[in-house]
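Colleague: I would like the atomic coordinates for the input below:
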Amino acid sequence: MDTDAFRIEEDAARRVATLRLTRGATGNKLAAAEMPLIGRAIRELGSRKAFKAVLVRGEGANFCQGRLPDASGTAPKTALEIRERVTEVILGVYDDIRATPVPVIAVVQGEAKGFGCAFVSQCDMAIASDDATFSLPEMDHHLPPTLAISAMLHKVPPKRILQMVYTRQPIRAAEALAFGIVSEVAPRDGLDAAVEKMLAAMLDRNRAALVGVKEYINGTLHADAHASARLASNLLASVLSSPRED
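Modeller: Residues are numbered from 1 along each chain as shown. Here you go, the predicted structure:
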């Protein structure tokens, strides 16, 4: 399907791709049917050897204020329809981020609500402006945000998640940093400079090394100590014994 929800920007010289959400006037809200396009675009860009990182940014005042409601009369009714058209679609975006070989980095300003908050949590790294806010407001409508929780569960302590879910109150960027939702906070007028500093520290590294770090982190989240150690050895040996790919 065609969509005006985002555009792709490719910087071949710096080897960075950017997926930019383009509905800034309406909070960069996304329809469920558009979400697979975003996930597949991120995964495809990150799978290309031309790029070492994928940035996700949002135009306007807010990063992403969540999901657009279904048009009147079109909401799925049965459990199978809900899974096919909503839940599996959203989970697929999280799967695509995890499966993207290179780091996926969210750059956050303003509000990251619901799906937007979970999306940021699922990204490998995230830089937020100091006035950014993060929230899980689904329980305002008596909806347990289990999909968002699944994206955050291995990044954020459970008690912090429950606080966000049950109180529905937004948290500021400093709290999001403490919770593990974001990896860095910068002044709003220094956000772009912070992004460039982070990229500068990464982009002069071998792509295979960047890929190896992400693969190891994802592969050991649920592994025991022995399996983690074996994977660490095998991945490092693979990188060190392979021809250098800048």
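Colleague: how many other residues sit next to Ala106?
Modeller: By other C-beta atoms under 10 Å, 27 other residues sit near Ala106. Heads up, the C-betas are built off the backbone N, CA and C, glycines and all.
Colleague: Would you confirm that it contacts Ala53?
Modeller: No - counting by C-beta atoms under 8 Å, Ala106 does not reach Ala53; the two are 11.6 Å apart.
Colleague: Relative to Arg7, how far out is the closest residue to Gln169 other than its chain neighbours?
Modeller: The shortest distance from Gln169 to any non-neighbouring residue, by C-beta to C-beta, 6 or more residues apart in numbering, is to Ser135 (7.0 Å). Using C-beta to C-beta, to the nearest Å, we find Ser135 at a distance of 26 Å from Arg7.
Colleague: neighbour-wise, which of those two wins?
Modeller: Applying other C-beta under 10 Å to Ser135 and Arg7 shows that Ser135 carries more neighbours, namely 21 against 13.
Colleague: partner residues bridging that one?
Modeller: The partner list for Ser135 in beta bridges (DSSP bridges) reads Lys113.
Colleague: Hmm, it is touching Arg168, no?
Modeller: Yes - taking C-beta under 8 Å as the definition, Ser135 is a contact partner of Arg168 at 6.8 Å.
Colleague: Arg244: neighbour count?
Modeller: 9.
Colleague: Let the chain start at 29 from now.
Modeller: Yes, from this point I'll number from 29; that puts the last item at Arg272.
Colleague: Secondary structure element for it, which one?
Modeller: Under the criterion DSSP states H and E, no helix or strand holds Arg272.
Colleague: Could you check the pLDDT of it?
Modeller: In this model, Arg272 is scored at 75, pLDDT.
Colleague: and what of Ala255?
Modeller: 75.
Colleague: so it sits in a strand?
Modeller: No - counting by DSSP: H, G, I helix; E, B strand; the rest coil, Ala255 is not part of a strand but helix.
Colleague: Tell me how far it lies from Ala237.
Modeller: For Ala255, the distance to Ala237 equals 21 Å [C-beta to C-beta].
Colleague: how does this structure divide up, domain by domain?
Modeller: Described in terms of automatic domain parsing, the domain architecture of the chain consists of the residue ranges 34-229, 233-268.
Colleague: Relative to Asp274, which of these is closest?
Modeller: domain 233-268 (6.5 Å; C-beta to C-beta).
Colleague: Buried residues of the closest one, list them for me.
Modeller: Neighbour counts using 16 or more other C-beta atoms under 10 Å place 235-242, 244, 248, 263, 267 of domain 233-268 among the buried residues.
Colleague: Next, find the distance separating the closest residue to Arg113 other than its chain neighbours from Ile110.
Modeller: The shortest distance from Arg113 to any non-neighbouring residue, by C-beta to C-beta, 6+ apart, is to Pro104 (4.8 Å). From Pro104 over to Ile110 the distance is 5 Å, taken as C-beta to C-beta.
Colleague: Same check on Ile245?
Modeller: Ile245 is 31 Å from Ile110, where distance means C-beta to C-beta.
Colleague: what distance separates the start and the end of stretch 86-94?
Modeller: Chord length of stretch 86-94, first to last residue, is 12 Å (C-alpha to C-alpha, to the nearest Å).
Colleague: Contacts for it next, please.
Modeller: 48-53, 55-58, 85, 134-144, 147-148, 160, 165 (C-beta atoms under 8 Å, 6 or more residues apart in numbering).
Colleague: and if we set it to 6 Å?
Modeller: For stretch 86-94, the external contacting residues (C-beta atoms under 6 Å, 6 or more residues apart in numbering) are 49-50, 52, 55-57, 136-144.
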